[in-house]
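Visitor: curious how this folds, go ahead:
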Amino acid sequence: MMAGPGLSIIVPTRNEAANIAELVRRIDRAVACDASLEHRATELIVVDDSTDGTPQAVAAAAAETLLAVRCVHRERPEGGLGGAVVVGLRAAVNDLCLVMDADLQHPPERIGDLYRRALPGGVDVVVASRYVGGGSAKGLASALRRGVSGVGTLLLKAMFPIRLAACTDPMTGFFLCDRRRIDLDGLKPQGFKILLEMLARQRLRVAELPFDFASRHAGQSKASFRQGLHFLRQMLQLRFGRMSGFALVGAAGAVVNVALVWLLTRGDVGVLPATLIAAEVTIVANFLLQDRLVFGDLRRHARGFWGRFLRSFSFNNVESSIRIALVLWFVDRGWMSATMATAVLLAFAFVLRYVFHALVVYAPKKR
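Guide: Modelled structure (predicted):
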């Protein structure tokens, strides 16, 4: 078989120094054993967000292979590993780009299969799937993680029934894409799930091949509760926009607010101080969560932390003062309990808060 056009292999990394040598060795061997690939037309781009010796490990491995290997180290890792993939796609020499993890849970021996499936054309993305015939997710660390992955996949397909109709594994990090078909400027990566970003934001032609998700070769998994929150935020924003993340944080804050009012008024605290305490705790907590989870991509162009905090804190206190006065009024007339009045008025405050934060707190700084 004649060798095809070149291939760029993009590997986003964060503290994966212990895996780099074995990864490069197996990719080198996979390219050497596949007639459709050749070393001089294949490049490996490691986009690194590490605080360990991953860049040095990449340099050492590069000296032992015929592959063109380069490392792009990011001092400001915006967008997590998904953002690193976008950086790699922009830097790639070739239009056919394969994305895989560094921990060897994505077997390099499958690179040639994905590449050959893309060569005839007719598809924009070739997905290595754990859930199509012959594939498996056995490398996930526990039955709980396998269950969470399966439920998450079903939920995504329910939320995006058309865009994900041809993809059984939208959360995989192992896929090949034709860069010319991807709107890189339209992507807003957050955390791990860059394939989901691509498929949910564009109509792309998808083909799938099965693969066995292997156990991690070395190092620690990056999966965490925090990454789970990033995934939840990404899913909601893709489906409903930024306001959904704001609503999620606001809903959590409302529950805390109502619970605090209930707890305090059950004791010896009066309605007024209980409502004030609950409001202040909620205002601060909501800002910290929203600043990180909802408006994180806007912080770079907005005012500094204290400028954002003071605007948010001041507005929310004015709003809450009006709301507290209404709570007292409702309670005084016997229309509602303090808990019910707080819950009802928080719902009305939601839209006003979102508009103010989006247009004022996180407005770009004037040049």
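
Visitor: am I right that residue 11 is in a strand?
Guide: Yes. The assignment for residue 11 is a strand, going by DSSP: H, G, I helix; E, B strand; the rest coil.

Visitor: need the pLDDT of it.
Guide: Residue 11 is assigned a pLDDT of 95 by the prediction.

Visitor: okay, and the beta partners of it?
Guide: Note on residue 11: beta-bridge partners residue 46, judged by DSSP bridges.

Visitor: quick one: it from residue 194, how far?
Guide: 13 Å (Cβ to Cβ, to the nearest Å). Using the backbone N, CA and C atoms, a C-beta is placed for each residue, glycine as well.

Visitor: of the two, who's got more company?
Guide: A direct count of neighbours by other Cβ atoms under 10 Å for residue 11 and residue 194 places residue 11 higher, at 30 against 27.

Visitor: I figured the more buried one hits residue 49, correct?
Guide: No. Between residue 11 and residue 49 there is no contact under Cβ atoms under 8 Å: 11.7 Å.

Visitor: how many neighbours does residue 94 have?
Guide: Residue 94 - counted by other Cβ under 10 Å - has 16 other residues nearby.

Visitor: over to residue 186?
Guide: Residue 186 has 10 nearby residues by other Cβ under 10 Å.

Visitor: residue contacts, it?
Guide: Contact partners of residue 186, counting by Cβ atoms under 8 Å, 6 or more residues apart in numbering, are 201-202.

Visitor: could you measure it against residue 206, distance?
Guide: To residue 206, residue 186 is 18 Å away according to Cβ to Cβ.

Visitor: OK, contacts around the nearest residue to residue 295 once chain neighbours are set aside?
Guide: Residue nearest to residue 295 in three dimensions, not counting chain neighbours: residue 362, with 4.8 Å by Cβ to Cβ, 6 or more residues apart in numbering. By Cβ under 8 Å, 6+ apart, the residues touching residue 362 are 295, 298-299, 302, 308.

Visitor: which pair in those spans the largest distance?
Guide: 298 and 308 (9.5 Å; Cβ to Cβ).

Visitor: who has more neighbours, the two?
Guide: Each of residue 298 and residue 308 has its neighbours counted (other Cβ under 10 Å); residue 308 has more, 22 against 17.

Visitor: pLDDT at the closest residue to residue 96 other than its chain neighbours, what is it?
Guide: Closest residue to residue 96 apart from its sequence neighbours, by Cβ to Cβ, 6+ apart: residue 7 at 5.2 Å. At residue 7, the pLDDT value in this model is 95.

Visitor: do residue 276 as well
Guide: 84.

Visitor: would you convert the contacts of residue 362 into a markdown table that also reports pLDDT?
Guide: Output for those, formatted as a markdown table (pLDDT from 0 to 100):
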| residue | pLDDT |
| --- | --- |
| 295 | 83 |
| 298 | 79 |
| 299 | 85 |
| 302 | 87 |
| 308 | 93 |
